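**Student:** give me the fold of what follows.
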Amino acid sequence: MEQVSRMSKDILAATTSLTIDEVRHLVDAYYIMQTDRKRYESQRSAMMQEPHSVISFLADSSRVLEGQVKLALDRYTDHHPVGGWMKGIHGIGPIIAAGMLAHIDIHKAQTAGDIWRYAGLDPTCKWEKGQKRPWNARLKTLCWNTGQVFMRNSGREDSFYGHRYRDRKTYEIARNDLGGNEAKAAELLHKFNKSTDAYKHLKAGRLPPAQIDARARRWTVKLFLSHLQTVWWWIEFGTLPAKPYILTKEGHGHLVLPPNIDEELHDKLLAWKEAELT
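**Tutor:** Numbering: from 1, shown residues only. Coordinates of the predicted model:
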């Protein structure tokens, strides 16, 4: 059986004209192909004898298709200035960048909070029974994947958001140990089996380590989205948003500027911060 062919130069050139719906489809397709490829490779590795040629074909073909979709989205994001900004951040590749571009409409996101709510990251936003889901489930999943990327890259020297994740986790651990989550722990206690480690932490008035880590990842993703909204608004409209909300307290009380921004935006953000303080 012949392996799946790669895209021609003409097809790659056409990626710059992809519609938003097509980009969304390709992002979804990439993650599906990635899951399939991992399953096929796992099956191939688990076989005690020579793996069947069909399994090998599926594994190899899935890898080719996965790579070709990634290449197409890489070309697409190359032609979007915000895509270029995102890909300049360690850990953010063409899939996450394309997904953000496809699911967020900057014209409807006048503040970072607008994006947080649309991504399901606003804890005050509830999905009531019988109502339409108030957030974008695909964007929420994409944000979860983004948090995983920041966590996995947190040990890298050039990982801007990975370092923010580590700092925030240190802050969350200290706050948890000092009893800052006692009320939340009491609220969650009845949901866990008494034999679990999570129950023991909650009984002691602390959130379990997994929830502390999730909080740090979620905070870091919200920081990234606030930076994305500010940079995107600046690129799109040539001015700061009405509320250029940057998470300013990072647990330490200082301004967290977006990485990889031009000097003019950098100076305007600093001037905005000084005006807020006076």
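
**Student:** domains of the chain?
**Tutor:** Listed by automatic domain parsing, the domain ranges of the chain are 1-79, 81-277.

**Student:** now do the first one, average pLDDT.
**Tutor:** What it means is domain 1-79. Average pLDDT, domain 1-79: 82.

**Student:** distance of Lys200 from Phe192?
**Tutor:** Computed as C-beta to C-beta, to the nearest Å, the Lys200 to Phe192 distance reads 9 Å. Any C-beta I mention is one placed from the backbone N, CA and C, and that applies to glycine too.

**Student:** oh sorry, the question was meant for Arg6
**Tutor:** Arg6 is 50 Å from Phe192, by C-beta to C-beta.

**Student:** okay, the two: which has more neighbours?
**Tutor:** Phe192 (16 against 12; other C-beta atoms under 10 Å).

**Student:** nearest spatial neighbour of the more buried one, skipping sequence neighbours?
**Tutor:** Of all residues not flanking Phe192 in the chain, Tyr199 sits nearest, at 4.3 Å (C-beta to C-beta, 6 or more residues apart in numbering).

**Student:** return the set of buried residues in the particular helix or strand that has that neighbour in it.
**Tutor:** Counting by DSSP states H and E, the element that carries Tyr199 is helix 197-203. For helix 197-203, the neighbour count (16 or more other C-beta atoms under 10 Å) marks 198-199, 201-202 as buried.

**Student:** please identify which pair of those residues lies farthest apart.
**Tutor:** Farthest-apart pair in these is Tyr199 and His201; separation 7.4 Å (C-beta to C-beta).

**Student:** average pLDDT across stretch 189-200?
**Tutor:** Averaged over stretch 189-200, pLDDT sits at 96.

**Student:** chain center to the helix holding Tyr199: distance?
**Tutor:** 29 Å (C-alpha atoms, centre = their mean, to the nearest Å).

**Student:** which residues touch that helix?
**Tutor:** Residues from elsewhere that reach helix 197-203 (C-beta atoms under 8 Å, 6 or more residues apart in numbering): 185-186, 188-189, 192-193, 207-210.

**Student:** got these as a markdown table, with distance to Val54 and secondary structure columns?
**Tutor:** Formatted as a markdown table, the contacts of helix 197-203 follow (distance: C-beta to C-beta, whole Å; DSSP: H, G, I helix; E, B strand; the rest coil):
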| residue | distance to Val54 | secondary structure |
| --- | --- | --- |
| Ala185 | 51 | helix |
| Ala186 | 54 | helix |
| Leu188 | 47 | helix |
| Leu189 | 50 | helix |
| Phe192 | 44 | coil |
| Asn193 | 43 | coil |
| Leu207 | 47 | coil |
| Pro208 | 43 | coil |
| Pro209 | 43 | helix |
| Ala210 | 39 | helix |
